[in-house]
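**Student:** 3D, please:
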Amino acid sequence: MLEIKELYKTYGSGEVKVEALKNINLAINQGEFVAIVGSSGSGKSTLLHIMAGLDMPTKGSIIMDDQDIYTLKEDDLAVFRRRKIGFVFQFFNLIPVLTLEENIQLPVLLDHQKVDEPYMNELLELLGLTSRRSHLPSQLSGGQQQRAAIARALIYKPSIIFADEPTGNLDKKNSKEVLDLLKLSSKKYNQTLVIVTHDLEIAAGADKIITLSDGEVKL
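**Tutor:** Numbering: from 1, shown residues only. Sure thing, here's the model as predicted:
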């Protein structure tokens, strides 16, 4: 499903050169729940962003659905991301002037496609947001905003979901609810789920744990 080959990411040059990722080689299977762990600065979020097509590698390949995504032109990569990849940010990244419903539908509308209304309603029901669809982000709790961000990541029925510390800004109760919803969705729709987390309790429930240290996979 997802294969990473000889991946490197370098920032700067000369004396200020930083090797954020060094020779990463990984394979992630369809439907797996994968946790990426490691200390602060180990390269977790950098790896996640590159896998999701949000940041260019310095060298190496990210192969998804038999496609090396970084051989695509910029516009084609943007379309690939919208249709194949869901991304849940730590800080929600909802647009404040749009309603919850409009925020969720945004990836589909940007692609000039028609929203699957029955699926949209199913997502809202699954995430407990049916009564909040016309609310602005400022009218929602932190947990509701994160659930809206999850719905936005799922609206295009992606084959893989990436989540960067999705529970980092939530209390324990909301953290458990958000994680349970992500896992439920991935099982219901046979989606691969890749989460960056510092929470070892979350990582313990994963099918596979990838540990990074100084930009390298620790075996």
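**Student:** Contacts for the lowest-mean-pLDDT helix or strand in the chain next, please.
**Tutor:** In the chain, no helix or strand scores lower on mean pLDDT, DSSP states H and E than helix 172-188, which sits at a mean of 81. Applying CB atoms under 8 Å, 6 or more residues apart in numbering, the contact partners of helix 172-188 are 31, 33, 88, 126-127, 141-143, 146-147, 150, 154, 161, 163, 166-167, 170, 191-193, 195, 199, 202, 205. Using the backbone N, CA and C atoms, a C-beta is placed for each residue, glycine as well.
**Student:** Try it again at 10 Å.
**Tutor:** Applying CB atoms under 10 Å, 6 or more residues apart in numbering, the contact partners of helix 172-188 are 31-33, 86, 88, 122-123, 126-128, 141-144, 146-147, 149-151, 153-154, 160-161, 163, 166-170, 191-195, 197, 199, 201-202, 205-206.
**Student:** Grab the nearest non-local neighbour of the residue nearest to the spatial centre of the chain.
**Tutor:** In the chain, the C-alpha nearest the mean C-alpha coordinate belongs to F162, at 2.0 Å (CA atoms, centre = their mean). Closest residue to F162 apart from its sequence neighbours, by CB to CB, 6 or more residues apart in numbering: A52 at 4.5 Å.
**Student:** Please give me every residue in contact with the one you found.
**Tutor:** 62, 64, 69, 81, 84-87, 160-164, 194.
**Student:** Could you verify my assumption that L54 touches L48?
**Tutor:** Yes. Contact criterion CB atoms under 10 Å: L54 and L48 qualify, at 8.4 Å.
**Student:** Just give me the neighbour total for N23.
**Tutor:** 14 (other CB atoms under 10 Å).
**Student:** Contact partners for it?
**Tutor:** Going by CB under 10 Å, 6+ apart, N23 touches K5, E6, L7, Y8, K59, G60, G215, E216, V217.
**Student:** which stretches of this protein form strands?
**Tutor:** Using DSSP state E, the strands found in the chain span residues 2-11, 18-28, 33-37, 59-64, 67-68, 85-88, 160-164, 192-196, 208-213, 216-217.
**Student:** For those, give me a markdown table that also has distance to H135 and mean pLDDT.
**Tutor:** Converted to a markdown table, those look like this (distance: least, CB to CB, whole Å; pLDDT from 0 to 100):
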| stretch | distance to H135 | mean pLDDT |
| --- | --- | --- |
| strand 2-11 | 35 | 93 |
| strand 18-28 | 35 | 93 |
| strand 33-37 | 30 | 93 |
| strand 59-64 | 34 | 93 |
| strand 67-68 | 38 | 90 |
| strand 85-88 | 19 | 90 |
| strand 160-164 | 23 | 92 |
| strand 192-196 | 27 | 93 |
| strand 208-213 | 37 | 93 |
| strand 216-217 | 42 | 92 |
